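S.K.: pasting the structure only:
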Ligand SMILES: O=P(O)(O)OC[C@H]1O[C@H](O)[C@H](O)[C@@H](O)[C@@H]1O
């Protein structure tokens, strides 16, 4: 992963090299804190050792009984779904991968109607084993399988913590199962059993993903000038301090669209605390040049745009044409056009004084994805250290979970009482 901060200098809001030089002492101290947390396997920091501690053989062993299914359906939400989805939507496979995260009845019904249930592996994932959306969807899927005459116990893989409802279910039915590693919050679990089981089921090289993560580990250093991940974390932090309260992440590759979604959870849930944080916005190049870019370039000067691209990709030539005004396209390629648009957008933002950061990976493959996911996690942890927030907790999310459970009669939660206090100003 390579990071170029040039277009974040002298913009509005912006950085100077002097800002970065001053920040570098704090990066060194934060790096020491992070390295100590990793060495002691502390809660959260343990996520940054996953490239070394995750066990690919255990993952392969858990999925080997499924013998190349036609499809994999992950039932999970948030950190229990987005890492796996980022990998499966980025990499080609003849095993289709889908996610059931939301509890939208139309979507669940449609998804189940379209799936070959007798040749689908249901990959149910929940660290806590108690998340209402995941368990509700799983019960619906299980019943659909039974109705279709499929033995769901033969087609279900469970990934969960040491205790809880899902662990009990896996034990009771002797289902193949994987543990969620200790000390790793869901949004930091992409490089663990949580994110990698689907990759294994799809025939991807799990060891290469982890090797990419190790490339990222090796690239951590006590100076932002020596560490692309820390350069990104430090620059985004300093830009937020100066008013760049939105970070629009814009990959120029359809295959990385879900990466922006994964990033949004990581950034929002980890850093949105104590009145601080930076709102992640999801965009896609070149498509959103024709919509959101207007706001990014000419709207309130409170944004940073992160442009992400692979520097190598399979290309498709654009046929020659004698159509008036289109000759310049002929003989070029779709990839060449996308790259030109990437650089043009970057320049157009810089010309309008909007800070932007370029993040590049070599290509969209297992190893580069492992490094990218690790790099963004490390960037996030560094940002959290610099901002002094509690990066690995999510009390605001849990508040809403309790309120919903209380409403559904799943326990006595005072948070549910707030629902009755809703203010109204109705215009019917
Ligand atoms: O894995 P689970 O326990 O089911 O949790 C799934 C998701 O639920 C919560 O809302 C957390 O805030 C997320 O970080 C987590 O990834």
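M.R.: The structure has been received and is ready for your questions. Given the structure is predicted, the values throughout are model-derived calculations rather than measurements.
S.K.: what residues does stretch 105-119 touch?
M.R.: 69-71, 73, 98, 100, 137, 140-141, 144-145, 148-150, 155 (Cβ atoms under 8 Å, 6 or more residues apart in numbering). In this view, the C-beta of every residue, glycine as well, is placed from N, C-alpha and C.
S.K.: one more time with 6 Å, if that's ok
M.R.: Here stretch 105-119 makes contact (Cβ atoms under 6 Å, 6 or more residues apart in numbering) with 69, 70, 71, 100, 140, 144, 145, 148, 150.
S.K.: what's across from the fourth one in the sheet?
M.R.: To tie it back to what came earlier, the one meant is residue 100. residue 75 (DSSP bridges).
S.K.: what's the burial count for residue 282?
M.R.: 18 (other Cβ atoms under 10 Å).
S.K.: follow-up on the earlier one: quick one: which of the contacts of stretch 105-119 sit in helices?
M.R.: Among the contacts of stretch 105-119, the residues falling in helices (DSSP state H) are 140, 144, 145.
S.K.: which residues does the second one contact?
M.R.: For residue 144, the set of contacting residues under the criterion of Cβ under 6 Å, 6+ apart consists of residue 112.
S.K.: apply 8 Å and report the result again.
M.R.: Neighbours of residue 144 in contact, by Cβ under 8 Å, 6+ apart: 112, 117.
S.K.: quick one: it from residue 273, how far?
M.R.: The gap separating residue 144 from residue 273 is 39 Å, by Cβ to Cβ, to the nearest Å.
S.K.: show me the contacts for the spatially most central residue of the chain.
M.R.: Nearest to the geometric centre of the chain sits residue 262, at 1.8 Å (Cα atoms, centre = their mean). Taking Cβ under 8 Å, 6+ apart as the criterion, residue 262 is in contact with 82, 83, 85, 86, 190, 373.
S.K.: quick one: mean pLDDT over the helix or strand harbouring it.
M.R.: Using DSSP states H and E, residue 262 maps to helix 257-271. Average pLDDT, helix 257-271: 98.
S.K.: what of stretch 124-139?
M.R.: Throughout stretch 124-139, pLDDT has a mean value of 95.
S.K.: buried residues, that stretch. List them.
M.R.: Applying a neighbour-count criterion of 16 or more other Cβ atoms under 10 Å, one finds 124-131, 133-135, 137-138 buried in stretch 124-139.
S.K.: and the ligand, which of those residues reach it?
M.R.: Filtering those for proximity to the ligand (criterion: Cβ under 6 Å from any ligand atom) leaves 126, 127, 128, 131, 134.
S.K.: which of those fall in strands?
M.R.: residue 126 (DSSP state E).
S.K.: run a quick neighbour tally on the nearest residue to residue 41 once chain neighbours are set aside.
M.R.: In space, residue 41 comes closest to residue 183 once its chain neighbours are excluded; the distance is 6.0 Å by Cβ to Cβ, 6 or more residues apart in numbering. Residues within reach of residue 183, counting by other Cβ under 10 Å, total 16.
S.K.: surely residue 183 and residue 43 touch.
M.R.: Yes: look at residue 183 against residue 43 with Cβ atoms under 8 Å: they come within range, at 4.6 Å.
S.K.: domain ranges for this protein?
M.R.: 1-35+208-385, 46-203 (the TED database).
S.K.: in CSV, list the ones you listed along with distance to residue 401.
M.R.: Output for those, formatted as CSV (distance: least, Cβ to Cβ, whole Å):
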stretch, distance to residue 401
domain 1-35+208-385, 12
domain 46-203, 8
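S.K.: what's the closest of those to residue 417?
M.R.: The closest of the domains of the chain to residue 417 is domain 46-203. By Cβ to Cβ, the value is 18.5 Å.
S.K.: off-centre distance for that closest one?
M.R.: 16 Å (Cα atoms, centre = their mean, to the nearest Å).
S.K.: enumerate the residues of the protein near the ligand.
M.R.: Residues of the chain lying near the ligand (Cβ under 6 Å from any ligand atom): 77-80, 126-128, 131, 134, 186-187, 269, 394, 397, 401.
S.K.: all helices of the stretch 251-400 of the chain, in order?
M.R.: 257-271, 293-298, 334-351, 366-387, 395-407 (DSSP state H, counting those that start in this stretch).
S.K.: in the stretch 201-350 of the chain, what residue comes closest to the ligand?
M.R.: Nearest residue of the stretch 201-350 of the chain to the ligand, counting by Cβ to the nearest ligand atom: residue 269, 5.6 Å away.
S.K.: what about that residue, neighbour count?
M.R.: Neighbours of residue 269 (other Cβ under 10 Å): 24.
S.K.: quick one, grab the pLDDT at the residue nearest to it when sequence neighbours are not counted.
M.R.: Closest residue to residue 269 apart from its sequence neighbours, by Cβ to Cβ, 6+ apart: residue 394 at 5.0 Å. Looking at residue 394, its pLDDT stands at 94.
S.K.: so that it lines up with my notes, have the first residue be 40 from now on.
M.R.: In the new count, where the first residue is 40, that last one comes out as residue 433.
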